[in-house]
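> Coordinates only, no sequence provided:
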């Protein structure tokens, strides 16, 4: 069985409740046992962390389970080492293209 983990932005979170996703984001702050991140579309998302989870870079891709409209349970994080920053608008544009019906066979949801 192949686990499909589509890349999404904060606007698309509600459509993926209960599913595993990838969320490219910028780490804003830690708040208790959660991290607050900014998704590539500018929306804020809470990432619930376990005690051993660690986010070390400013930019990261969160792989996790969507709990509700603005919360993801952290499973894994891929640090994106971008000393000069990351063009989040470009990342968001690419994500939106993957949801275009013309590319449905290339990007299964």
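All right, it came through fine. Note that the structure is a prediction, hence the values are computed from the model and not measured.

> hang on, isn't residue 12 packed against residue 99?
Yes. Between residue 12 and residue 99 there is a contact under C-beta atoms under 8 Å: 7.3 Å. For the C-beta atoms, the positions are set from N, CA and C on the backbone; glycine is no exception.

> in terms of contact, does residue 81 touch residue 57 like I think?
Yes. Between residue 81 and residue 57 there is a contact under C-beta under 8 Å: 6.1 Å.

> more crowded one of those two?
More neighbours surround residue 57 than the other of residue 81 and residue 57, with 13 against 10 (other C-beta atoms under 10 Å).

> List the contacts of residue 97.
residue 103 (C-beta atoms under 8 Å, 6 or more residues apart in numbering).

> thinking again about what came up before, who has more neighbours, residue 12 and residue 99?
Neighbour count, other C-beta under 10 Å: between residue 12 and residue 99, residue 12 has more, with 20 against 16.

> which SS state does the more buried one fall under?
helix (DSSP: H, G, I helix; E, B strand; the rest coil).

> Look up how far residue 6 lies from it.
For residue 12, the distance to residue 6 equals 8 Å [C-beta to C-beta, to the nearest Å].

> just residue 29 next, same as before
Look at residue 29 and residue 6: by C-beta to C-beta, they are 26 Å apart.

> Which residue of the two possesses the greater neighbour count?
Neighbour count, other C-beta under 10 Å: between residue 29 and residue 6, residue 6 has more, with 17 against 8.

> And that one, how far from residue 98?
Noted for residue 6: a distance of 7 Å to residue 98, by C-beta to C-beta.
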